[in-house]
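Novice: The following comprises the amino acid sequence and a computationally predicted model.
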Amino acid sequence: MIVTLTLNPSLDRTIDVDRLVTGTMTRARSARIDPGGKGVNVSRALLANRVPTVAVVTSGGADGEQLVRLLEGDGIAVHAVPVAGRTRSNVTIVEPDGVVTKLNEPGEPLSRAELDAVAGVVLDEAEGASWAVTCGSLPPGVPDDIYARLCAFFTSAGVRVAVDASGPALLAAVGAGPHLVKPNREELAEAVGRPVASVGDAVEAARELRERGAGTVLASLGADGAVLVGEDGVTIGTAPVAEPRSTVGAGDALLAGFLAAGADGAPALAEGLAWGAAAVRLPASRMPGPDDIRRDIVRIDTRPDLGRSLIA
Ligand SMILES: Nc1ncnc2c1ncn2[C@@H]1O[C@H](COP(=O)(O)OP(=O)(O)OP(=O)(O)O)[C@@H](O)[C@H]1O
Ligand SMILES: O=P(O)(O)OC[C@@]1(O)O[C@H](CO)[C@@H](O)[C@@H]1O
């Protein structure tokens with residue numbers, strides 16, 4: 001069973017417009033609301049593919065109640081921790097030519113007592129779990145080392161830890177020795193303080209995160225696929241998508257597929273890439289189920305061209 005933690009979940013509002021013109025009122029063509037947050041999405045993808053999972057989330061106000069209703073309506077086992085601050089909404093505006101504008105609210109502050117309550121719940125839920133997955137941004141006021149501290153508890157309880165974070169939270173978590181981290185290209189570049197312009201740059205940056213404590217690095221590279229750097233070496237894979245619909249949540253689907261396939265080596269990378277590509281073919285932040293996933297499009301390269309540029 002895989003437990004996910006989303007300290008800063010969201011209602012994801014996806015709005016389709018003919019053209020976004022700032023400074024004017026634009027009538028949308030359509031809109032939808034999905035439960036959101038990186039850990040939430042990992043659990044959504046796992047459940048859609050019948051992998052046992054529990055989503056631990058904070059939930060505040062009417063929007064938090066709606067988030068929980070949506071998750072429960074999808075059949076997700078959710079453990080919601082009530083908090084005073086309203087659960088945020090993140091807005092994605094999609095134009096017909098595929099231009100996506102995403103506005104993420106910061107979320108409301110968590111009190112120390114609320115954070116302690118969430119930590120207690122996720123540690124309880126993780127007892128006997130195979131993985132604990134801590135994902136996403138931190139609400140205002142939450143210490144940057146929260147994922148690192150939780151990682152130490154999970155590891156001492158024999159639970160493997162995966163972290164999808166950015167900035168100081170990612171760096172602190174790396175130092176706590178998680179089994180797996182899943183940065184995207186921008187998060188990887190920020191973590192090492194230099195550009196990631198080629199596959200070789202991504203590999204070198206991933207290797208640096210390993211030297212600083214991460215066990216395995218699954219670095220996602222958008223349309224260029226993903227790089228897996230672990231004790232067994234370097235593997236890269238791609239899964240091209242002819243007509244991307246929405247990349248929102250693609251990294252969460254990649255991570256979920258990788259974990260679902262055992263989180264080890266090329267076969268798991270291939271599964272993650274198949275799930276990530278399937279997510280990109282779906283609208284908004286919809287997570288792929290078995291009928292959406294195509295494995296024939298995945299290409300794995302255990303001897304990657306490290307010089308290949310990642311900049312179009
Ligand atoms: N345009 C695309 N075409 C094909 N595959 C894509 C595309 N964009 C993303 N993917 C797939 O999704 C995976 C994750 O993408 P990305 O690197 O954008 O992750 P991310 O930034 O963490 O995404 P999010 O934070 O929205 O979940 C990629 O490794 C790739 O497999
Ligand atoms: O603000 P964060 O926590 O970094 O990202 C939140 C978010 O953009 O991530 C998911 C896609 O990965 C969406 O469901 C959600 O809106």
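Specialist: It's in. Ligands and ions are numbered 1, 2, ... in the order given.
Novice: going forward, measure contacts between C-alpha atoms and count neighbours the same way
Specialist: Fine.
Novice: Using the three-state scheme, assign the residue nearest the centre of the chain.
Specialist: Closest to where the C-alpha atoms of the chain average out (Cα atoms, centre = their mean) is residue 252, at 3.4 Å. Secondary structure assignment for residue 252 (DSSP: H, G, I helix; E, B strand; the rest coil): helix.
Novice: Please, where are all the strands along this structure?
Specialist: Listed in chain order, the strands of the chain (DSSP state E) span 2-6, 10-16, 30-36, 53-59, 77-82, 88-94, 100-104, 131-135, 160-164, 180-181, 216-220, 226-230, 233-238, 299-301.
Novice: For the stretch 101-250 of the chain, what lies in contact range of ligand 2?
Specialist: 104, 136-137, 248-249 (Cα under 6 Å from any ligand atom).
Novice: Quick one: buried ones out of those?
Specialist: Neighbour counting by 16 or more other Cα atoms under 10 Å classes 136-137, 248-249 among those as buried.
Novice: so can I have TSV of those residues showing pLDDT and distance to residue 68?
Specialist: Shown next, in TSV, are those (pLDDT from 0 to 100; distance: Cα to Cα, whole Å):
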residue	pLDDT	distance to residue 68
136	98	18
137	98	19
248	95	20
249	97	18
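Novice: Contacting ligand 1 as well, which ones from those residues?
Specialist: 248-249.
Novice: Which of the buried ones among the residues of the stretch 101-250 of the chain next to ligand 2 fall in helices?
Specialist: When these are checked against helices (DSSP state H), there are no matches.
Novice: Which pair in the buried ones among the residues of the stretch 101-250 of the chain next to ligand 2 has the greatest spatial separation?
Specialist: Using Cα to Cα, the two most remote members of those are 137 and 248, lying 14.9 Å apart.
Novice: and the residues of the stretch 101-250 of the chain next to ligand 2, which two are the farthest apart?
Specialist: Of all pairs in these, the most separated under Cα to Cα is 137 and 248 at 14.9 Å.
Novice: ok so, going back, what would the strands of the chain look like in CSV with mean pLDDT?
Specialist: Formatted as CSV, those follow (pLDDT from 0 to 100):
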stretch, mean pLDDT
strand 2-6, 98
strand 10-16, 97
strand 30-36, 97
strand 53-59, 98
strand 77-82, 98
strand 88-94, 97
strand 100-104, 96
strand 131-135, 98
strand 160-164, 98
strand 180-181, 98
strand 216-220, 98
strand 226-230, 97
strand 233-238, 96
strand 299-301, 94
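Novice: how about those strands in CSV, adding distance to ligand 1?
Specialist: Listed next are the strands of the chain as CSV, based on distance: least, Cα to the nearest ligand atom, whole Å:
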stretch, distance to ligand 1
strand 2-6, 13
strand 10-16, 12
strand 30-36, 10
strand 53-59, 16
strand 77-82, 20
strand 88-94, 11
strand 100-104, 10
strand 131-135, 10
strand 160-164, 8
strand 180-181, 11
strand 216-220, 4
strand 226-230, 4
strand 233-238, 6
strand 299-301, 11
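Novice: CSV for those strands, including distance to residue 308?
Specialist: Compiled in CSV, these are given as follows (distance: least, Cα to Cα, whole Å):
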stretch, distance to residue 308
strand 2-6, 34
strand 10-16, 34
strand 30-36, 34
strand 53-59, 37
strand 77-82, 42
strand 88-94, 30
strand 100-104, 26
strand 131-135, 29
strand 160-164, 25
strand 180-181, 23
strand 216-220, 15
strand 226-230, 12
strand 233-238, 11
strand 299-301, 13
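Novice: what distance separates stretch 77-88 from the centre of its chain?
Specialist: Distance of stretch 77-88 from the chain centroid (Cα atoms, centre = their mean, to the nearest Å) equals 19 Å.
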